[in-house]
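Colleague: Let me see the structure of the following:
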Amino acid sequence: MSDFYTSGDCKYYPCHYEGQDCTFCYCPLYPCKDETLGKWVKGEVWDCSDCTIMHDKNLVKMLKIGIFNEVHKQQTIQLLKIRKRFKL
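Modeller: Prediction:
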């Protein structure tokens, strides 16, 4: 798996800037509610259209590592439960 993904085939590319990382096309932190990164529209909808942090190559790499570690942790917990259940 590449550390960097850009979709030149996407009709919206670039939605923020040329060379952006498109791994997280839709923000996994939405809505972050951080008013330095976005704003409320009519007090109901979170607008983060000007935010570019999810397209930063270094941030994407850190999130991928964090997600991988969390998935690995959850899988280990599940395997331990199975081993305990079947007394392996």
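Colleague: only C-alpha atoms for contact and neighbour calcs from this point on.
Modeller: Noted.
Colleague: Assign a three-state SS to Trp46, would you?
Modeller: The assignment at Trp46 comes out as strand when based on DSSP: H, G, I helix; E, B strand; the rest coil.
Colleague: so how far is Asp47 from the closest residue to it other than its chain neighbours?
Modeller: Leaving aside its sequence neighbours, Trp46 sits nearest to Trp40 (Cα to Cα, 6 or more residues apart in numbering; 4.7 Å). Trp40 is 6 Å from Asp47, where distance means Cα to Cα, to the nearest Å.
Colleague: Which one's more surrounded, those two?
Modeller: Asp47 (16 against 13; other Cα atoms under 10 Å).
Colleague: Is the more buried one in contact with Gly38, as I believe?
Modeller: Yes. Using Cα atoms under 8 Å, Asp47 makes contact with Gly38 at a distance of 5.5 Å.
Colleague: Need the residue closest to the centroid of this protein.
Modeller: When Cα atoms, centre = their mean is applied to the chain, the residue found nearest the centroid is Pro28 (4.2 Å).
Colleague: Now do the SS call for that one.
Modeller: Criterion first, three-state DSSP; result for Pro28: coil.
Colleague: ok now do it, which residues does it touch?
Modeller: If you count contacts by Cα atoms under 8 Å, 6 or more residues apart in numbering, Pro28 has none.
Colleague: Could you do Asp50 as well?
Modeller: Asp50 touches His16, Leu37, Gly38, counting by Cα under 8 Å, 6+ apart.
Colleague: how does it look with 10 Å?
Modeller: Cys15, His16, Leu37, Gly38, Lys39 (Cα atoms under 10 Å, 6 or more residues apart in numbering).
Colleague: Against Arg83, how distant is the closest residue to Phe24 other than its chain neighbours?
Modeller: Sequence neighbours aside, Met54 is the residue nearest to Phe24 in space, at 6.4 Å (criterion: Cα to Cα, 6+ apart). Distance, Met54 to Arg83, by Cα to Cα: 38 Å.
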